[in-house]
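In: Okay, structure incoming, though there's no sequence with it:
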């Protein structure tokens, strides 16, 4: 069963954050609360972790994974961003938005969409998530924790443990935002998914 770690939502305890990061660096898969429901995360180059996330989500190789970033400087190393995209991303982050863009050579090939060579990136507005990503020192590979057949991500740590404790290594308990992220495909200039992020007045 997964280890259940309760982290303070406003003032994450460094000792517990380090414990989560140590487990991620050992190749483990973690359920992490974010500003848009729970996400399943692992280290960016963790091939086994990626396959485990695919298995839990029951998604194929065309599924867009998302890289959780600490800030724009980190995000900008992973994807190709032109000036209009730069301004849009800066105006909407941190927050419940995922941006689909062409990946750079910094992104492991297995993480990219095999045909489009794209990947999702986002900067969450969530203290626990930010504490973990900051301590990690690199982006985290993630996928929204939506169970097969469901439309909304899981929002309670105890439910995550109950449903998926057998398939995960760690469940971090903490509050989440409501609903999945809004996904903006900046390659095709369209709203790929309307979620928690407001799209009123957005010019793609």
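Out: Yes, it's here. All values reported here derive from a predicted model rather than from experimental measurement.

In: contacting residues for residue 124?
Out: 34-36, 68, 94-96, 130, 133 (CB atoms under 8 Å, 6 or more residues apart in numbering). C-betas here are computed from N, CA, C, even on glycine.

In: What is the nearest of those residues to residue 23?
Out: Comparing those against residue 23 with CB to CB places residue 133 closest, at 14.4 Å.

In: Hmm, residue 79 is touching residue 111, no?
Out: No: using CB atoms under 8 Å, residue 79 makes no contact with residue 111, being 11.4 Å away.

In: so what sits against both of those two?
Out: 103, 119.

In: Pick out whichever of those two has more residues nearby.
Out: Neighbour totals were compared for residue 79 and residue 111, and residue 79 leads with 24 against 21 (other CB atoms under 10 Å).

In: which ones are touching the more buried one?
Out: Counting by CB under 8 Å, 6+ apart, residue 79 has contacts 99, 101-104, 107, 119, 121.

In: Just the ones in strands from those, please.
Out: The members of the contacts of residue 79 that map onto strands under DSSP state E are 99, 101-102, 119, 121.

In: Confirm that residue 10 sits in a strand.
Out: No: per DSSP: H, G, I helix; E, B strand; the rest coil, residue 10 lies outside any strand segment and is coil.

In: what are the ranges of the helices in this structure?
Out: Applying DSSP state H to the chain gives helices spanning 14-25, 47-57, 72-75, 83-92, 127-136, 157-164.

In: packing partners for the third one?
Out: So that's helix 72-75. Secondary-structure packing of helix 72-75 (3 or more CB pairs under 8 Å, 6 or more residues apart in numbering; DSSP states H and E): helix 83-92.

In: Need the contact partners of the helix it packs on.
Out: Against helix 83-92 from outside (CB under 8 Å, 6+ apart): 72, 75, 81, 99, 101, 184, 186, 197, 202, 204.

In: Now that helix: average pLDDT?
Out: The pLDDT scores in helix 83-92 average 94.

In: This completes my enquiry, with thanks.
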